[in-house]
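Enquirer: sequence and predicted structure below; questions after.
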Amino acid sequence: MRGTVNGIEITSRVIFLPGNSNGDGYWTNIDLTIQLKDVIPLFNELHPDCIGIFAFDQSSNHKDMADDALVASRMSSGVTEYKDTNKYRFRDTTFTDKEGRVKAQPMYRTETVNMEGVKKIVATRRAKQQPVSFEDLMNQYRLPRAREVFRGTLILLRERGLLDKNASLRKVCPSGTVHDPAVRPGCCAEYLLSQQPDFLAQKNILETVTFEAGHLFTLYPKYHCETNWIERQWGAAKRYSRMMCDYSFYTLTSRIHEFLDNDEVVHGPKINRRYYNLAYRYIDAYRKGKDVMEADEIIRKFSREYRSHRRAV
């Protein structure tokens, strides 16, 4: 994004050289989030009192969730110890029970005794009708130091009344399984928990940053780059760079801003609006139920008939 604020031209642009050896690594969601936080204030300066729609393509990088987000696929079904090296630490949440009461649900608990070990010994001895001394077991499985553990998806489901006390449920279904939300208790713990309102309400990082700034977030449809106007701007920049570059890395890096801005230099700043209008016509055609071939014909017909905003040709 580029614009003039108080007579000063300001550009929000990051030049990134991918690669692990001599480059900047890989472009991650963290890098994109930093740039988004740089773009939003510039948008607010250029368009005060306006709400922007920030659109991204369907890259998995753009849909990355925060490390504390409630994502069932990241959770273990059983109790596991939380360590400082763990990538994720899930936020506590709330749920509404069958009586309509809102209840808090912590994700972690502190243990001084290895309760999972105690439960296994108790279950084994009871099955063999052997005596059980809870005091001895508590002393035997007492931990040298207190530890924090993730409580596991099965416990979370039982607390919500979605799984019987002694029932078990596999963590995840085999690949390709078609899930049926009408089936209870569900085919697997991961899917059942992922369909709960608080899990469904989770937003990705970019969406969260955008909404917190008072703007809107959306994703372009998959496999339809024609709906994203920025692809045309990139295409123009790459076409010009092929014409002017001597295919040396030095020339490319030293003139990259010239390559990126050439389209506006030659055709004026309104060229990007033309790219946007063309993308919008595809979006409008798809909204009306047209397929790819029909949409393409509509755009071609429009381009032949309306070569100027003042007259039809």
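Expert: Good, I have the coordinates. Numbering: from 1, shown residues only.
Enquirer: with adjacent residues omitted, what lies nearest to residue 137?
Expert: residue 118 (5.0 Å; C-beta to C-beta, 6 or more residues apart in numbering). Every residue, glycine included, has its C-beta placed from N, CA and C.
Enquirer: run a quick neighbour tally on the one you found.
Expert: Residue 118: 17 surrounding residues under other C-beta atoms under 10 Å.
Enquirer: show me what the helix or strand where it lies is packed against.
Expert: If you go by DSSP states H and E, residue 118 is part of helix 115-127. Helix 115-127 is packed against helix 134-140, with contacts defined by 3 or more C-beta pairs under 8 Å, 6 or more residues apart in numbering; DSSP states H and E.
Enquirer: after the helix it packs on, next one along is what?
Expert: Counting by DSSP H and E, what follows helix 134-140 is strand 142-150.
Enquirer: and the average pLDDT for that next one is what?
Expert: If you average the pLDDT over strand 142-150, you get 86.
Enquirer: next helix or strand past it?
Expert: Counting by DSSP H and E, what follows strand 142-150 is helix 153-159.
Enquirer: counting neighbours, what do you get for the closest residue in space to residue 43 that isn't next to it in sequence?
Expert: Spatial nearest neighbour of residue 43, chain neighbours left out: residue 52 (5.2 Å); criterion: C-beta to C-beta, 6+ apart. Counted with other C-beta under 10 Å, the neighbours of residue 52 add up to 18.
Enquirer: you'd agree residue 152 is up against residue 72?
Expert: No. Counting by C-beta atoms under 8 Å, residue 152 sits too far from residue 72 to count as a contact (11.6 Å).
Enquirer: out of those two, which sits in the busier spot?
Expert: Counted by other C-beta under 10 Å, residue 152 and residue 72 do not tie: residue 72 has more neighbours, with 22 against 19.
Enquirer: how close does the more buried one sit to residue 91?
Expert: 14 Å (C-beta to C-beta, to the nearest Å).
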